[in-house]
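Participant: 3D model of this:
(chains A and B)
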Amino acid sequence: MNPLALIGRTLLDFLSVVGRLSQFAIRSVRHCFLPPFYLRQTLKQFLDIGYYSLPVVGLTTLFTGMVLALQSHTGFSRFDAESAIPTVVVLSITRELGPVMAGLMVAGRIGASIAAELGTMRVTEQIDALSTLSTNPYKYLIAPRLIAGTLMLPLLVLIGDIIGVFGGFVVSVYDLGFNAANYISQTWQYLEFRDVTSGLWKAATFGFIITLMGCYHGFNSKGGAQGVGKATTNAVVSASILILVVNYLLTGLFFAGK
Amino acid sequence: MTDIPKIELSGVTKSFNKNHVLRGVDLSVGKGESVVIIGGSGSGKSVMLKCILGLMDIDKGTIKVDGQDVTNLRRSALDAHQTKFGMLFQGSALFDSLPVWRNVAFKLIQTPRLSRKEAKERAIETLASVGLAPDIANLYPAELSGGMQKRVALARAIASRPEIIFFDEPTTGLDPIMADVINELIVKCVRELGATALSITHDMASARKISDRIAMIYEGRIIWQGSKKDIDNSGNPYVDQFIHGRAEGPIKMQIRKL
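Facilitator: Numbering: from 1, shown residues only, chains lettered A, B, ... in the order given. Take a look at the predicted model:
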């Protein structure tokens, strides 16, 4: 095949996917704000996405905070800068590691589950059945998930931040010999409100991305079990990559030149 | 004055890329009539039903319901159009996360907005009309046999007393006795509701039992239609080959030679 034709075909395919995804996202967001609202479905998603993800996010951020304290100590002790450890832990967790680690873990847990559930509903004609039962699938299936993902991720990350900082505290005090009161005082000293809120904005964006990717790939899956498997993989991979890319862009937006 | 057909398709075409599924379908179904479409796999039967329901857009032609043009409707007009229909899907398409009664009462809770108590009572009444005992109302679809799932799906299709009911391969996958039970129930329910029925099937016993009129679709066009008693003397070689299930004849199966 002509290499130029191959490049052209790849570019056209990519643009077509971007177009379809944008159309799907606009339509889905519109349905989040237009009645009827399915409160019961939305509350169920709050539980699934928020409450049931808490153990995974808590464990991930706990160990991230612990490792961060250990690694910072290894590096900083070489030039007697151990006193910076509390600040490094709290800033790293709240600005970056909390939202990104939580986002990636939830992408694996929730993105995959949404894609598999909606994909199975698509291939077994349950989504078509919804339309014949006077129910718009965008309102019933997609809007509750998008709302829950966007609102629950910041809450999860806020709890994850606290657990992550606590992990750093435990290692520093019980393993590295820090004074507990000094550690807490150092943690607060350089922490700004913006450090936490920037992480929460990132979390809301990641929550939207994870649920959108899960819904998009599940809703448009084709074929049988293989199609559902492919949709699940695509949902997790695309959400994870987008989280990393968007994290860079948002970090640039929030902290460029500051 | 001539009666306006309940459903009327004129020159309907639908393609998926280079695959021309419907190539100009003309079909008219009278009010209260039961028409069965027969045809081989991939002849466009299911696509035709989905186009009438508004689940797929057509490329050319017009679709009218009650004399009103409903071709490629959008948003609220499409929602209003779909409230007229009930559909029994080939694989039943029951919502596996909901108990049987919630499946049957799904539309009743959405559109006339019945209370859950009233909706459950109506669901149990409808289940009784398809020969199912009230004690299955709280079971989940996965706990039922294939035949019972079909009955629940039939109950769901008729629970809101729709004007038009579509039956997509209603007897596929059932043993001959259960298939006949489902056929009897279809005839009974359609007669009691006074609904217009459009069914698609490969099963000739089912077609003869539930239809007033039979039409055959081949390569995306209606090639024959007439009363069910005329089908054995249709004079159409395609129809003859299909109803007798012969490998030899004008319909060639696309089989790749080894």
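
Participant: so B:Ile210 touches B:Arg191, yeah?
Facilitator: No: contact status for B:Ile210 versus B:Arg191: not in contact, 10.5 Å apart, counting by Cβ atoms under 8 Å. All C-beta spots, glycine's among them, are computed from the backbone N, C-alpha and C.

Participant: Looking at the two, which one has more neighbours?
Facilitator: Under the criterion of other Cβ atoms under 10 Å in any protein chain shown, the comparison of B:Ile210 against B:Arg191 puts B:Ile210 first, with 25 against 12.

Participant: residues in contact with the more buried one?
Facilitator: By Cβ atoms under 8 Å, 6 or more residues apart in numbering or on different chains, the residues touching B:Ile210 are B:Ser34, B:Val36, B:Phe167, B:Pro170, B:Asn183, B:Ile186, B:Val187, B:Val190, B:Ala197, B:Ser199.

Participant: switch the cut-off to 10 Å
Facilitator: B:34-36, B:167, B:170-171, B:182-187, B:190, B:197, B:199, B:201, B:203, B:228 (Cβ atoms under 10 Å, 6 or more residues apart in numbering or on different chains).

Participant: If any of these are buried, put those into a ChimeraX selection.
Facilitator: Here is the ChimeraX command that selects only those of the contacts of B:Ile210 that count as buried (16 or more other Cβ atoms under 10 Å in any protein chain shown):
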select /B:34,35,36,167,170,171,182,183,185,186,190,197,199,201,203,228
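
Participant: Among the contacts of B:Ile210, which lie within helices?
Facilitator: Among the contacts of B:Ile210, the subset assigned to helices under DSSP state H consists of B:Ile182, B:Asn183, B:Glu184, B:Leu185, B:Ile186, B:Val187, B:Val190.

Participant: Could you dump these into JSON lines and include distance to A:His217 and pLDDT?
Facilitator: Listed next are these as JSON lines, based on distance: Cβ to Cβ, whole Å; pLDDT from 0 to 100:
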{"residue": "B:Ile182", "distance to A:His217": "35", "pLDDT": "89"}
{"residue": "B:Asn183", "distance to A:His217": "39", "pLDDT": "92"}
{"residue": "B:Glu184", "distance to A:His217": "42", "pLDDT": "91"}
{"residue": "B:Leu185", "distance to A:His217": "38", "pLDDT": "88"}
{"residue": "B:Ile186", "distance to A:His217": "37", "pLDDT": "89"}
{"residue": "B:Val187", "distance to A:His217": "42", "pLDDT": "92"}
{"residue": "B:Val190", "distance to A:His217": "39", "pLDDT": "88"}
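
Participant: Including distance to A:Phe46, could these go into a markdown table?
Facilitator: Below are the ones in helices among the contacts of B:Ile210 laid out as a markdown table (distance: Cβ to Cβ, whole Å):
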| residue | distance to A:Phe46 |
| --- | --- |
| B:Ile182 | 40 |
| B:Asn183 | 45 |
| B:Glu184 | 46 |
| B:Leu185 | 41 |
| B:Ile186 | 41 |
| B:Val187 | 46 |
| B:Val190 | 42 |
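
Participant: Spell out which residues are contacts of both of B:Ile210 and B:Arg191.
Facilitator: In contact with both B:Ile210 and B:Arg191: B:Ser34, B:Ala197, using Cβ under 10 Å, 6+ apart.

Participant: Contacts only, for the closest residue to A:Leu155 other than its chain neighbours.
Facilitator: Distances taken as Cβ to Cβ, 6 or more residues apart in numbering or on different chains put A:Gly50 closest to A:Leu155, at 6.1 Å, once the chain neighbours are dropped. Listed by Cβ under 10 Å, 6+ apart, the contact set of A:Gly50 reads A:Val57, A:Val106, A:Ile110, A:Ala148, A:Gly149, A:Leu151, A:Met152, A:Leu153, A:Leu155, A:Leu156, A:Ile159, A:Gly207.

Participant: Same list, these, but as CSV with secondary structure, neighbour count and distance to B:Ala119 please.
Facilitator: Putting these into CSV (DSSP: H, G, I helix; E, B strand; the rest coil; neighbours: other Cβ atoms under 10 Å in any protein chain shown; distance: Cβ to Cβ, whole Å) gives the following:
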residue, secondary structure, neighbour count, distance to B:Ala119
A:Val57, helix, 24, 38
A:Val106, helix, 28, 35
A:Ile110, helix, 29, 31
A:Ala148, helix, 23, 25
A:Gly149, helix, 28, 30
A:Leu151, helix, 17, 30
A:Met152, helix, 25, 30
A:Leu153, helix, 31, 35
A:Leu155, helix, 18, 34
A:Leu156, helix, 26, 35
A:Ile159, helix, 17, 38
A:Gly207, helix, 31, 33
